[in-house]
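> Quick one, structure for this:
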Amino acid sequence: MMDFLTNPWVIIAIVLSVVIGNIAALKYTANMKFGRTDKKTPSAQDNDKNPSDQNDKDPQ
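Model prediction:
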């Protein structure tokens, strides 16, 4: 049994199957829509409260 598992062709087949499986999983999950809502971060909420402070920080 150990001779079969150390056969280079078997090792190549196992590695290829893992790589192909990972690529297929990435393709499947790349376009998934997760149930995230667009919540603002606390720093973004602070910026909305005081827009005049934002102008003071960026004196362009």
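> Now stretch 14-24: average pLDDT?
Predicted confidence along stretch 14-24 averages 97 (mean pLDDT).
> Now tell me what touches it from outside.
Stretch 14-24 has contacts (C-beta atoms under 8 Å, 6 or more residues apart in numbering) with no other residue. In this view, the C-beta of every residue, glycine as well, is placed from N, C-alpha and C.
> what about 10 Å?
Residues outside stretch 14-24 that contact it (C-beta atoms under 10 Å, 6 or more residues apart in numbering): Leu5.
> In the protein, which helix is the longest?
Ordering each helix of the chain by length in residues (DSSP state H) puts helix 8-30 first.
> ok, and for that helix, which residues are buried?
Residues of helix 8-30 include none that count as buried (16 or more other C-beta atoms under 10 Å).
> Can I get that helix in PDB, CA atoms only?
Once non-C-alpha atoms are left out, helix 8-30 reads as follows in PDB (Å, rounded to 0.1, in the frame of the first residue of the first chain):
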ATOM      1  CA  PRO A   8       4.800   9.900  -8.400                       C
ATOM      2  CA  TRP A   9       1.700   9.600 -10.600                       C
ATOM      3  CA  VAL A  10      -0.500   9.100  -7.600                       C
ATOM      4  CA  ILE A  11       1.000  12.100  -5.900                       C
ATOM      5  CA  ILE A  12       0.600  14.200  -9.000                       C
ATOM      6  CA  ALA A  13      -3.100  13.100  -9.300                       C
ATOM      7  CA  ILE A  14      -3.800  14.000  -5.700                       C
ATOM      8  CA  VAL A  15      -2.100  17.400  -6.000                       C
ATOM      9  CA  LEU A  16      -3.900  18.200  -9.200                       C
ATOM     10  CA  SER A  17      -7.300  17.200  -7.700                       C
ATOM     11  CA  VAL A  18      -6.700  19.400  -4.700                       C
ATOM     12  CA  VAL A  19      -5.700  22.400  -6.900                       C
ATOM     13  CA  ILE A  20      -8.600  21.900  -9.300                       C
ATOM     14  CA  GLY A  21     -11.000  21.600  -6.400                       C
ATOM     15  CA  ASN A  22      -9.800  24.800  -4.800                       C
ATOM     16  CA  ILE A  23     -10.100  26.700  -8.100                       C
ATOM     17  CA  ALA A  24     -13.600  25.400  -8.600                       C
ATOM     18  CA  ALA A  25     -14.500  26.400  -5.000                       C
ATOM     19  CA  LEU A  26     -13.100  29.900  -5.600                       C
ATOM     20  CA  LYS A  27     -15.000  30.300  -8.800                       C
ATOM     21  CA  TYR A  28     -18.200  29.200  -7.100                       C
ATOM     22  CA  THR A  29     -17.900  31.500  -4.100                       C
ATOM     23  CA  ALA A  30     -16.500  34.500  -6.000                       C
END
